[in-house]
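Undergrad: The amino acid sequence is not available; the structure is as follows:
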DNA sequence: CTAATAGTGTCTATCAGACACTATTAG
DNA sequence: CTAATAGTGTCTGATAGACACTATTAG
């Protein structure tokens, strides 16, 4: 059975684009900097966010995981779709649609292959090939939106943690200073106290929390 | 010049999916019902949201406009991307990715070809083929988010309009009753008064406004 | 006049920002 | 003890919900 559309064409009559996934992998470094993983593409040379072409029958999220496992040694991610970049001339290798994704990873889990992959401060990313600067902007906006109302929704902070550690993380994501008391009150409903205290610091010891 | 990826494959080595666009066209009827345009697909039979396959070199938004001009007589839209549906088995005609879109249109501008296109109340849409029920859910959620904070961002209401007319529209989109005085105060910053009054109704005549 | 609808004053509850105070530790 | 940090009480200003009041029209 061959299906035809309203013009009488079958599915095979439609030339098809290549479909790629490109992923902004975001993390926060121990010194509180929001950073993105860049890889050096073989040819043409230049830094870009990791990506790959979709394999036959593959899910987009699986293609993202495959490319990240291969290029940044990262597994177990839950990528989120951001946007389809579809400018016909965006890739000089031909007609390529790119589905941009966001992934987040703990800094400690990153295994970057020095020389082909590096971490770049989000505020220092220059112009990249293709639409990769725009992909990063979409990703940062999405991450900031998620972190605006909930404590560490991406799970970047190992549990348990103090509210100071949580606030440092949120400040890194937001890119701005956050008020101490307001932040605490806003996040408490999404936290559960462990009853344990962090010791060994100056001052009153902070209570340790987990996400609800 | 032939580019190769990290596995040595060229672009031509990758089998490619068909890429479709499917669009939830939303409108509000004169009696205040949020409704979606459904079309009857030729084969296999069944109601669905209008869509088409992407033509070579075509932008996604242009494919949406082409399909809507053809199937619902609608022009001049600004479709918004929602999500890519990528389940490999979602379409029994083969490997088809669908980029879901949202478009809005004034009820008065709809020219539906009776017999192959109809309007369906959003709260009465049953299960549709492919992912089309999910597409409608994405579209309604997006439209509601947009209407939550700004007066008629999609321009569904002909200007000038009274605040009562605006509130009826927002209630149709939100699917719930909205408070009269709070709604007025929330929307006024996004409106400009014309100084003209609506006449011919019972009661105190309402002022007419435009969007800023 | 009455009925109906538009528009507004105002009270209350809630919440963010701001500030200062108390609590508890290290050294 | 002092210095430092955690945690909290509270004041203020802004805002949503709620209610009632005034304003202006049709009939």
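TA: Looks like it arrived, so ask away. Only a predicted model underlies this, so the values are computations on that prediction, with no experimental measurement involved.

Undergrad: So the closest residue in space to residue A:75 that isn't next to it in sequence, which state does it fall into?
TA: Once flanking residues are discounted, residue A:75 sits nearest to residue A:69: 5.3 Å by Cβ to Cβ, 6 or more residues apart in numbering or on different chains. Bear in mind the C-beta positions are built from the backbone N, C-alpha and C, glycine included. Following DSSP: H, G, I helix; E, B strand; the rest coil, residue A:69 is assigned to helix.

Undergrad: Make sure residue A:69 is actually in contact with residue A:76.
TA: No - using Cβ atoms under 8 Å, residue A:69 is not in contact with residue A:76; the gap is 9.3 Å.

Undergrad: right, and residue A:90 touches residue A:129 too?
TA: No - using Cβ under 8 Å, residue A:90 makes no contact with residue A:129, being 9.7 Å away.

Undergrad: helices or strands up against the helix or strand harbouring residue A:194?
TA: Per DSSP states H and E, residue A:194 falls inside strand A:191-197. Packing partners of strand A:191-197 (3 or more Cβ pairs under 8 Å, 6 or more residues apart in numbering or on different chains; DSSP states H and E): strand A:207-211.

Undergrad: near DNA strand D, anything from the strand it packs on?
TA: Yes - for strand A:207-211, a contact with DNA strand D is found by Cβ under 7 Å from any atom of the strand, at residue A:207.

Undergrad: neighbouring contacts of that strand?
TA: Residues outside strand A:207-211 that contact it (Cβ atoms under 8 Å, 6 or more residues apart in numbering or on different chains) are A:151-152, A:155, A:159-163, A:166, A:190-198.

Undergrad: so how far is the helix or strand where residue A:184 lies from its chain's centroid?
TA: Using DSSP H and E, residue A:184 maps to helix A:180-187. The chain centroid and the centroid of helix A:180-187 are separated by 25 Å under Cα atoms, centre = their mean, to the nearest Å.

Undergrad: Give me the average confidence score over it.
TA: Regarding helix A:180-187, the rounded mean pLDDT is 96.

Undergrad: quick one: that helix near DNA strand D?
TA: Yes - Helix A:180-187 comes into contact with DNA strand D (Cβ under 7 Å from any atom of the strand), by way of A:180-181, A:184.

Undergrad: If you rank the residues you listed by neighbours, which is first?
TA: Neighbour counts for these, by other Cβ atoms under 10 Å in any protein chain shown, peak at residue A:184, which reaches 15 neighbours.

Undergrad: Okay, residue A:186 and DNA strand C: tell me how far apart.
TA: 5 Å (Cβ to the nearest atom of the strand, to the nearest Å).

Undergrad: I'd like to know how many residues surround that residue.
TA: Using other Cβ under 10 Å, residue A:186 is surrounded by 16 other residues.

Undergrad: Please apply the same query to the one 5 residues further on.
TA: With neighbours defined by other Cβ under 10 Å, the count for residue A:191 comes to 20.

Undergrad: For it, name its beta-bridge partners.
TA: Listed by DSSP bridges, the beta-bridge partners for residue A:191 are residue A:211.

Undergrad: What lies in contact with the lowest-mean-pLDDT helix or strand in chain A?
TA: Least confident helix or strand of chain A, by mean pLDDT, DSSP states H and E, is strand A:46-48 with a mean of 89. Residues from elsewhere that reach strand A:46-48, judged by Cβ under 8 Å, 6+ apart: A:22, A:38-41, A:118, A:120, A:128-130, A:132.

Undergrad: Show the model's pLDDT score for the residue of chain A at minimum distance from DNA strand D.
TA: The nearest approach of chain A to DNA strand D comes at residue A:203, 2.5 Å away (Cβ to the nearest atom of the strand). On pLDDT, residue A:203 comes in at 90.

Undergrad: do the same with residue A:1
TA: Per-residue confidence at residue A:1 stands at 44 (pLDDT).

Undergrad: Residue A:69 and residue A:76: who's more crowded?
TA: Taking neighbours as other Cβ under 10 Å, residue A:69 and residue A:76 compare with residue A:69 leading, 14 against 9.

Undergrad: how far off strand B:18-28 does the top strand by length along chain A point, in degrees?
TA: Identified as the longest strand of chain A according to DSSP state E is strand A:18-28. Strand A:18-28 runs at 70 degrees relative to strand B:18-28, counting by axes from the mean of the first three to the mean of the last three Cα atoms, to 10 degrees.

Undergrad: Let me see the residues that make contact with the strand holding residue A:194.
TA: Under Cβ under 8 Å, 6+ apart, the answer for strand A:191-197 is A:151, A:160, A:163, A:166, A:205-212.

Undergrad: Distance from stretch A:108-118 to the middle of the chain?
TA: For stretch A:108-118, the distance to the chain centre is 15 Å (Cα atoms, centre = their mean).

Undergrad: That stretch: which residues count as buried?
TA: A:110, A:112, A:116-117 (16 or more other Cβ atoms under 10 Å in any protein chain shown).

Undergrad: what's the span of it, first residue to last?
TA: End-to-end distance of stretch A:108-118 (Cα to Cα, to the nearest Å): 14 Å.

Undergrad: same for the longest helix along chain A, what does it pack against?
TA: Ordering each helix of chain A by length in residues (DSSP state H) puts helix A:132-147 first. Judged by 3+ Cβ pairs under 8 Å, 6+ apart, helix A:132-147 is in contact with strand A:18-28, strand A:34-41, strand A:80-85, strand A:96-104, helix A:163-174.

Undergrad: Export these to TSV and append columns for mean pLDDT and distance to DNA strand D.
TA: Listed next are those as TSV, based on pLDDT from 0 to 100; distance: least, Cβ to the nearest atom of the strand, whole Å:
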stretch	mean pLDDT	distance to DNA strand D
strand A:18-28	97	18
strand A:34-41	92	21
strand A:80-85	98	29
strand A:96-104	97	24
helix A:163-174	97	3
